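Undergrad: 3D model of this:
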Amino acid sequence: MSLEYPENLRYTDSHEYVELTANIAKVGVSAFAVDQLGDIVFVDLPEVGDEIVKGSAFGTIESVKAVEDLKAPMSGTVTKRNDAAIDAPEIISTDPYTTGWLLEIQATDPSELNATFSAAEYRAKVEGA
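TA: Predicted coordinates:
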């Protein structure tokens, strides 16, 4: 199966992605994570205004197979959450990069992005390419 890893995104060891525009980071889970989890049935996300810390759990994602912590790829304040993904978590499975994003955060330290992987690095890591 060929999974997509958009070039404009950065990826983490724990399979979240981040798209940084100015100091706003859009966060979601990668197609690889979706593939590994299977059918996603529930997602728990923080409230707008909550602070999240890089590397710490900010919520959970549940599939028919497992419950996994979502790890923050960057520190910051939640400015938006995708309530559509909470109401219909299957959109994360069908379209993780556009309609299935999870959070937008006001990043406190954009240099934290330096600790993430490019699309090519992430693909090599997860697919052993």
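Undergrad: going forward, measure contacts between C-alpha atoms and count neighbours the same way
TA: Will do.
Undergrad: shaky segments in the protein?
TA: Counting by pLDDT under 70, the chain contains low-confidence residues at 1-2, 129.
Undergrad: Which helix runs longest in it?
TA: The longest helix of the chain (DSSP state H) is helix 119-127.
Undergrad: got the CA positions of it in CSV?
TA: Below are the C-alpha coordinates for helix 119-127, written out as CSV (Å, rounded to 0.1, in the frame of the first residue of the first chain):
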residue,chain,number,x,y,z
ALA,A,119,8.4,13.8,4.4
ALA,A,120,11.3,11.9,2.8
GLU,A,121,12.9,11.2,6.2
TYR,A,122,9.6,10.1,7.7
ARG,A,123,8.8,7.8,4.7
ALA,A,124,12.2,6.2,5.1
LYS,A,125,11.7,5.7,8.8
VAL,A,126,8.2,4.1,8.6
GLU,A,127,8.5,2.2,5.4
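Undergrad: quick one: buried residues of the one helix or strand S93 maps to?
TA: Assigning secondary structure by DSSP states H and E places S93 in helix 90-94. Judged by neighbour count using 16 or more other C-alpha atoms under 10 Å, the buried positions of helix 90-94 are 90-93.
Undergrad: which element is the residue sitting nearest the centre point of the chain on?
TA: Centroid check for the chain by C-alpha atoms, centre = their mean gives G28 as the closest residue, at 2.3 Å. Using DSSP H and E, G28 sits within strand 24-29.
Undergrad: Who are the packing partners of that strand?
TA: strand 16-21, strand 103-107 (3 or more C-alpha pairs under 8 Å, 6 or more residues apart in numbering; DSSP states H and E).
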